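> Mind folding the following:
(one chain, ligands or ions: 1)
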Amino acid sequence: MSIKPNQPTWPVWLPLRDELRTLTPYGAPQIHDVVQLNSNENPFKLPDEVQAAIVKEIKEVAASLNRYPDRDAVRLRSKLAQYVNSASNTEFSVENIWAANGSNEILQTLFLACGGSKRSALGFTPSYSVHPLIAKITGTQWIEGKRSSTFGIDIQLATAQILAEKPSLIFVATPNNPSGTSTPLSDLELLADAASKVGALLVVDEAYAEFSSEQSAATLIAKFPHVVSSRTMSKAFAFAGVRVGYLIAHPSVIDAALVTRLPYHLSALTQSAAEVAVDHANLMQSGIQELLSGRELLVRGIELVGWKALDSSANFILFSGFTRSSNEIWQEFLNRGILIRDVGLAGYLRVSVGTKAENQRFLTALQEIAQ
Ligand SMILES: Cc1ncc(COP(=O)(O)O)c(C=O)c1O
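Below you'll find the predicted structure:
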């Protein structure tokens, strides 16, 4: 089965920008009749109570779908502020929160506001590949900082690179995708210091924050107004299908997002469903403990066959130690009905934590493949 996206062939009449001609559409394969452990989704269905509350809310909203939604999603943003405050002991209000269609749109908004031609963005790879992709799409020069062989960030090297390159945007994903490793808050403070010296925004991509025991970078904003945290409801909230991400930031950054956003970008359906989900945050996140236990189980299973699993603070594990190519091993799993992720790092593969049954399917396949 070939599921790699093909490189499009562009017709001569299409005035596509030169720098986009070699790109293929971003995306992991979406195959439905397999165990899907490739997109770091939350494997648990929405609790019945939340499903019912969403249906009830949407039924009410349906009558006024002839009208545009609240352009600035004030009610949802206020609820998200309360959610963040109760999780991180902060004092944010609606002025500190921006909401959009997934955190990918949050990231794009930041690029639109602070990137563009004559600007650069720095990230530490391997990390979330959408950061350099949006840089390219927005005409922002991408500067690649490197992570160590254990996927950490050498803060001295990173600081020197920030001071030398003077980027407008600096990206740190923590927990990092694909490694699952996290950057301590004390290191983020040092990066924030360096960022302030060159007038950069430090964007901490915290898509997996709820799986980690580290304090959120949102707690740094009171001291460092140029630090922002990009969050999502796609992972711990088990809400990937609705597409809701949010930004926690100083009000001036939120104002910049307001200037940059498309009018009425967040549909009335999305806003009302997300409000219900945030109201039921505890219930929505009730699977986290089970996912953390599942993570331990998978790590042990990977190590039992003599392979290596990276220490993960997220709902996925990057593993290595197999002697055949990543692509061959990935295919072996797929042949057994299990879709994991070849993240393009030679010698590594990534698996998302699934339900108990899905984890067991992975472990059974693993034992066969590693023989
Ligand atoms: C590090 C990181 N940031 C952001 C995202 C985007 O998530 P979403 O657009 O679903 O909020 C992902 C998705 O996998 C991710 O891994």
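> anything in stretch 26-39 near the ligand?
No. Using C-beta under 6 Å from any ligand atom, stretch 26-39 stays clear of the ligand, with a minimum separation of 6.6 Å. In this view, the C-beta of every residue, glycine as well, is placed from N, C-alpha and C.
> Could you pull out the helices in the stretch 1-150 of the chain for me?
48-62, 74-88, 102-114, 130-137 (DSSP state H, counting those that start in this stretch).
> just those: most buried one?
helix 102-114 (a mean of 23; mean count of other C-beta atoms under 10 Å).
> Mind giving me the packing neighbours of that helix?
Contacts defined by 3 or more C-beta pairs under 8 Å, 6 or more residues apart in numbering; DSSP states H and E place helix 102-114 against strand 97-100, helix 130-137, strand 169-173, strand 201-205, strand 227-232, strand 245-248, helix 251-260.
> CSV please, covering the ones you listed and showing mean pLDDT and distance to the ligand.
As requested, these are exported to CSV (pLDDT from 0 to 100; distance: least, C-beta to the nearest ligand atom, whole Å):
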stretch, mean pLDDT, distance to the ligand
strand 97-100, 98, 9
helix 130-137, 97, 6
strand 169-173, 98, 4
strand 201-205, 98, 5
strand 227-232, 98, 3
strand 245-248, 98, 4
helix 251-260, 96, 15
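> how many other residues sit next to D255?
For D255, the count of nearby residues is 14 (other C-beta atoms under 10 Å).
> Ok, T90 next?
For T90, using other C-beta under 10 Å, the count is 16.
> List the contacts of the closest residue in space to L220 that isn't next to it in sequence.
Spatial nearest neighbour of L220, chain neighbours left out: V227 (4.7 Å); criterion: C-beta to C-beta, 6 or more residues apart in numbering. Residues near V227 by C-beta atoms under 8 Å, 6 or more residues apart in numbering: 188, 192, 195, 201-202, 204, 217, 220-221, 249.
> Recalculate using a threshold of 6 Å.
192, 202, 217, 220-221 (C-beta atoms under 6 Å, 6 or more residues apart in numbering).
> for T138, same thing?
If you count contacts by C-beta under 6 Å, 6+ apart, then T138 has 111, 115-116 around it.
> how much space between the nearest residue to it once chain neighbours are set aside and Q360?
Closest residue to T138 apart from its sequence neighbours, by C-beta to C-beta, 6+ apart: F111 at 4.3 Å. Look at F111 and Q360: by C-beta to C-beta, to the nearest Å, they are 41 Å apart.
> same thing with I31?
Applying C-beta to C-beta, the value for I31 to Q360 is 20 Å.
> Next to the ligand, which bits of the stretch 101-250 of the chain? Give me the list.
Close to the ligand, as judged by C-beta under 6 Å from any ligand atom, the stretch 101-250 of the chain has residues 102-104, 128, 173, 177, 205, 207, 232, 234, 240, 245.
> Try it again at 5 Å.
102-104, 128, 173, 177, 205, 207, 232, 234, 245 (C-beta under 5 Å from any ligand atom).
> just those residues now: which is nearest V55?
S234 (20.5 Å; C-beta to C-beta).
> ok, now which ones touch the closest one?
A240.
> can you give me the strands in the protein?
In the chain, the strands defined using DSSP state E lie at 35-36, 97-100, 120-125, 141-146, 169-173, 201-205, 227-232, 245-248, 308-309, 316-320, 338-339, 348-352.
> Of all those, which one is nearest I254?
strand 97-100 (5.0 Å).
> now the helices and strands packed on helix 102-114 as a markdown table including distance to R147?
Formatted as a markdown table, the helices and strands packed on helix 102-114 follow (distance: least, C-beta to C-beta, whole Å):
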| stretch | distance to R147 |
| --- | --- |
| strand 97-100 | 27 |
| helix 130-137 | 13 |
| strand 169-173 | 10 |
| strand 201-205 | 14 |
| strand 227-232 | 19 |
| strand 245-248 | 24 |
| helix 251-260 | 26 |
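> pLDDT weak spots in the stretch 1-150 of the chain?
1-6 (pLDDT under 70).
> Taking it, what residue is nearest to the ligand?
When scored by C-beta to the nearest ligand atom, the stretch 1-150 of the chain has G102 as its residue closest to the ligand, at 2.8 Å.
> Go ahead and confirm that residue touches G245.
Yes. Using C-beta atoms under 6 Å, G102 makes contact with G245 at a distance of 4.6 Å.
> Run the angle between the longest helix that the chain contains and strand 348-352 for me.
Counting by DSSP state H, the longest helix found in the chain is helix 288-304. Between helix 288-304 and strand 348-352, the angle comes out at 150 degrees (axes from the mean of the first three to the mean of the last three C-alpha atoms, to 10 degrees).
> packing partners for helix 288-304?
On a contact count with 3 or more C-beta pairs under 6 Å, 6 or more residues apart in numbering; DSSP states H and E, helix 288-304 meets helix 356-369.
> quick one: average pLDDT of the helix it packs on?
Averaged across helix 356-369, the pLDDT comes to 98.
> Which secondary structure elements does that helix sit against?
So helix 356-369, by 3+ C-beta pairs under 6 Å, 6+ apart, packs with helix 288-304, strand 338-339.
> at 7 Å instead, please
Helices and strands touching helix 356-369, by 3 or more C-beta pairs under 7 Å, 6 or more residues apart in numbering; DSSP states H and E, are helix 288-304, helix 326-335, strand 338-339.
> hey, which of the ones you listed is tucked in deepest?
Greatest burial across those, using mean count of other C-beta under 10 Å, falls to strand 338-339, with a mean of 22.
> So what touches it?
For strand 338-339, the external contacting residues (C-beta atoms under 7 Å, 6 or more residues apart in numbering) are 29, 31, 34-38, 361-362, 365.
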